[in-house]
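Enquirer: Got a predicted structure plus its sequence, pasted below:
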Amino acid sequence: MPAGSDVPGELALPHTWRPFGVRLAGIVFGGALLLVCGFAWFSFDAETRAKFTMFQRGTLVFLGLLAFAVWYALVRSRVVAEPDKLVVVNGYRRREYDWAEIVAVHLPPGAPWVTLDLSDGTTASALGIQGSDGARAHTAVRQLRTLVNR
């Protein structure tokens, strides 16, 4: 079971890993989409805007909120190493694993995120460490493996 870090070079617990690329892409592309839609709406003349019904406007707002909810679920994904457990938050679901439950940590080439092998023979995804983050993800996997192998 991992303990707090007093030795230089060791990872201090609790430690949190979050996806970087997904947050950045969501902010950039979501913001760009919001700007384009806002610009398009305000570039319409009053007569064209008046032709939109409340249902159509509501549908657009609903789709925007749905896209935000998906983005927020990805952004809130994280992996938290605590002294007595590993907390994995994938979207809106939170799972806690004792260190003894985790057998191995995998991030094969081309995999979208980390996979945890569990002692009961099942696997669990950890979206908080995304393969698309490159070297940052590989560093996180090495750190997590070190904690699991203690």
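Expert: Arrived safely.
Enquirer: Give the pairing partners of the helix or strand in which residue 115 is found; include direction for each.
Expert: Counting by DSSP states H and E, the element that carries residue 115 is strand 113-118. If you go by DSSP bridges, strand 113-118 pairs up with strand 102-106 (antiparallel), strand 123-130 (antiparallel).
Enquirer: contact partners of that strand?
Expert: 79, 86, 88, 97, 101-107, 123-131, 137, 140-141, 144 (C-beta atoms under 8 Å, 6 or more residues apart in numbering). (Each C-beta comes from the backbone N, C-alpha and C, glycine too.)
Enquirer: Buried ones in that strand, by neighbour count?
Expert: By neighbour count on 16 or more other C-beta atoms under 10 Å, the buried set for strand 113-118 is 113-117.
Enquirer: With pLDDT and distance to residue 149 added, can I get those residues in JSON lines?
Expert: JSON lines is the format used below for those (pLDDT from 0 to 100; distance: C-beta to C-beta, whole Å):
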{"residue": "113", "pLDDT": "94", "distance to residue 149": "20"}
{"residue": "114", "pLDDT": "96", "distance to residue 149": "15"}
{"residue": "115", "pLDDT": "96", "distance to residue 149": "16"}
{"residue": "116", "pLDDT": "97", "distance to residue 149": "13"}
{"residue": "117", "pLDDT": "96", "distance to residue 149": "13"}
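Enquirer: Run through this protein and note the low-pLDDT ranges.
Expert: 1-9 (pLDDT under 70).
Enquirer: If we use 50, what do you get?
Expert: Counting by pLDDT under 50, the chain shows low-confidence ranges at 1-8.
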